[in-house]
Structures are given as C-alpha cells and as structure tokens.
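Asks: Here is the input, now give the coordinates:
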Amino acid sequence: MTPALLAPAALASLAAILIPLAIHLARRTEHRLLDFPALRWLHKTPRPRHRPRFDEWPLLLLRCLLILLLALLLARPVLWNADAPHPVLAAVPGARVDGARGVWLAPGFPSLDTAPPPRQPVASLLRQLDAELPKGASLTVLVPPVIDGMDAMLPALSRPVTWRIVAGVEPPPPPPAAAPRLVVQGAGVGTNVLHAVAAAWGGGANAPRVIAAVAPGALSSAVRDHVAAGGVALIGPRTAVAATWADADGAIPAQEAHLGRGRLVRLTRPLDPVAMPMVLDPDFPMHLRTLLQPLPAPSRAPAADLIPRTGGPTPGRPQRDPTPHLLWTTALIWLTERLLATRSRRAPSP
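Replies: Down below sits the predicted model:
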C-alpha cells in the first residue's frame, strides 16, 4: 500500500496553522527583583524579557489538527495498491456453483450466495472484471457447456484465465423475433406485391410496424415522424442512399439511409416482375423481412470455443480513496473543538 497525493500543491494551505498559533500566543513580561546594599551598585535598569507562551494547549492542538486534516483533504489523498492480490472465482449465470465462494458475472458482481441473475453480456463483464482486479490476482471462471451472451470477438484479458467448464442449465433459446406488420400506403406499381408480402409475414396488430410508401411523391410527415422515432420505412426510388442488398446478378435493388433514430430503405427499381424479377422468388418475402428487420447477431456458442486469450490492456493500479474516513475524523475533531471552545469554565481569551 503506497500513500500518495493527487493535488500536493494544496498542502500550501498548511500555512493557515499560523492563525491559531497567533490567537493562542500570550506574552508575559518577566520582572526580576534586584537586592542591592547601596545605590552605587545599581546598574542601568535591565530591559524586561518577554517569554512567549501558548494558552489552552488542548484547544490549540485540536485547531492545528483540524487545519492539517482540511489541507490533507484538499490534497486529495489516495492509497495505491491498497488491495493485495487474491484469487477470484467468477461464475457465468447458468453454471452450477455447488457452494463455491465467488461472484457472478453480472453488473456489480454480486456474491454467489445470491440468486443467479438472468442472461448477461458475459464478454463485456469479463473484460470489466479483469480491469478491476489488482495486478497479479488469479482469475478462475466457471462456465456452463453453452454460453449465452458473448459477442463477436473473444475477450482479450491482461491475465491468463482458468476456464473451467462445469455442468449447468442450458439457457433456453431466444424466442424468435415477431414478424413485423407491413403497412402499405398509397397505390401504384408494386403495392400489390407489398400486400402479398404483408400477408406472407402475417404480422399481428401488436407487431412492430414497417411502413411501405413506394408511391411517387414526397414523403408524408407521418412517415418521417415514424422513422425519426426509430421505425423503418420502405420507400420508392427517390434519394441516393447506401447500398444494402444485391440480387443474384449483383444488381442493387435496395439502398439505405438514416433519418433520426430510424432507417429509410429505398427501392432502386419498381416492384414488378419486369423491373425486379426477384419478386417472383418464393424467398422474396423472407429476404425483404431480413432487410427491414435484421436478425440479431448470434450470441450462443460452446464454452470450449470461447476461452479468453491474453494480450489485453494492463489494468491500472487499484486505488482506495480514504476521503470518507478523513471526513468523519474531521467532523469528530471539529465537534470536540467546538465543545472545548464554548465550555462554561474556559479561561478568558488573551
């Protein structure tokens, strides 16, 4: 454990200790009586000597200590490497812990004595735990055979990890995404195809809404508000946007743009078999649904294929902030100083 100060220049406030010293300083003139048998032995009147003395020592010490603590608080003390390295056991929710002592890989890292939390972003929490542990601490992770909550990259940690696969409850598969409800606005070329796609999707009344406005003309304010609020709209060939879909011949039938928090998907050709032959493909409704409602990235994989690798960023030195303890100590000393300063039997101030 190494103490340090984040703002050592604040120690200059220690000069305020001179104030209570000046308040408690009392000067007393010392007079000496000289016995002499005759006036001829009388020398020149000696100069009186002044001897400094401090009154009320307990109160003075408390006030000096109070100023010292305030200066220390202003200097922002910190204790580096306050926690000694110790082995840490973490468990992925779903793993069988069998009375082990450790923490769950969940926000806040609760103890294993608590109920197992629901599905969590395992990879992100593993990186966070590695960054918060002191350097030199060993890490053991209990994982079920199948992990749910990993991202596209293996976690790169700063320390080697003991990856222990134990029995556990396999997480249930995520429910399939509800088919969106395609709302076709206007009339024109391709609207009959869109009505057929809407029937193939079978989206219910409470399903997420996707607006299809492929008719010529400007976008209505209702469509713009829907997209800006995070919705998706399919529009006709109007403005140039980024390409997101290509057919078997490499042609681009749809492009994408962002508006607010939502997306605008623009068709580059009319929805008729002559201009876009792929509308006759039996998989066209599924392709269009994937374009308008992308599938979530897979997050489940066997634990044996997800062993973290080393080479991640080295965590910073763990620190402990003693400020709360110093604040309580300062408050206690201030109360004691007030009691001594206001007591009824206190001598008059110099």
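Asks: going forward, measure contacts between C-alpha atoms and count neighbours the same way
Replies: OK.
Asks: Show the backbone phi and psi for the closest residue to Pro118 other than its chain neighbours.
Replies: Distances taken as CA to CA, 6 or more residues apart in numbering place Pro93 nearest to Pro118, at 6.8 Å, with adjacent residues excluded. Here is the backbone geometry of Pro93 (degrees, to the nearest 10): phi -50, psi 130.
Asks: can you list the domains in the protein?
Replies: Using automatic domain parsing, the domain parsing of the chain gives 2-29+50-81+320-341, 88-173+307-317, 181-292.
Asks: any chance of these in TSV, with mean pLDDT and mean neighbour count too?
Replies: Converted to TSV, those look like this (pLDDT from 0 to 100; neighbours: other CA atoms under 10 Å):
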stretch	mean pLDDT	mean neighbour count
domain 2-29+50-81+320-341	82	15
domain 88-173+307-317	81	17
domain 181-292	74	16
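Asks: would you list those in CSV and tack on distance to Arg300?
Replies: Formatted as CSV, the domains of the chain follow (distance: least, CA to CA, whole Å):
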stretch, distance to Arg300
domain 2-29+50-81+320-341, 37
domain 88-173+307-317, 4
domain 181-292, 20
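Asks: coming back round to it: show me the contacts for the residue nearest to Pro118.
Replies: If you count contacts by CA atoms under 8 Å, 6 or more residues apart in numbering, Pro93 has them with Trp104, Leu105, Ala106, Pro116, Pro117, Pro118, Arg119, Gln120, Val143.
Asks: Identify the residue spatially nearest to the third one, adjacent ones excluded.
Replies: Once flanking residues are discounted, Ala106 sits nearest to Gln120: 6.2 Å by CA to CA, 6+ apart.
Asks: before we move on, what about the first one?
Replies: Taking CA to CA, 6+ apart, and ignoring the residues beside it in sequence, Trp104 has Ala91 as its nearest neighbour in space, at 5.0 Å.
Asks: So what sits opposite that neighbour in the bridge?
Replies: Beta bridges link Ala91 to Trp104, Leu142, judged by DSSP bridges.
Asks: who touches the helix or strand containing Leu288?
Replies: Under the criterion of DSSP states H and E, Leu288 resides in helix 284-292. By CA under 8 Å, 6+ apart, the residues outside helix 284-292 that reach it are Pro180, Val197, Ala200, Trp201, Val210, Val232, Leu234, Thr244, Trp245, Val265, Met278.
Asks: Just the strands from the stretch 251-350 of the chain, written as ranges.
Replies: Listed in chain order, the strands of the stretch 251-350 of the chain (DSSP state E, counting those that start in this stretch) span 254-259, 262-267, 300-302, 309-310, 319-320.
Asks: Identify whichever of those strands lies nearest to Ser111.
Replies: strand 319-320 (21.0 Å; CA to CA).
Asks: How about Arg261, nearest residue that isn't a chain neighbour?
Replies: Gly230 (4.3 Å).
Asks: Would you check how far apart that neighbour and Lys135 are?
Replies: Plainly put, Gly230 is 43 Å away from Lys135 if you go by CA to CA, to the nearest Å.
Asks: repeat for Thr290
Replies: To Lys135, Thr290 is 46 Å away according to CA to CA.
Asks: for Gly204, same thing?
Replies: Taking CA to CA, one finds Gly204 at 54 Å from Lys135.
Asks: what do you get for Val183?
Replies: The gap separating Val183 from Lys135 is 57 Å, by CA to CA.
Asks: Report the contact partners of Arg96.
Replies: The contact partners of Arg96, taken as CA under 8 Å, 6+ apart, are Pro144, Val166, Ala167, Gly168, Val169.
Asks: Please report phi then psi for it.
Replies: The phi/psi pair for Arg96 (degrees, to the nearest 10) reads phi -80, psi 120.
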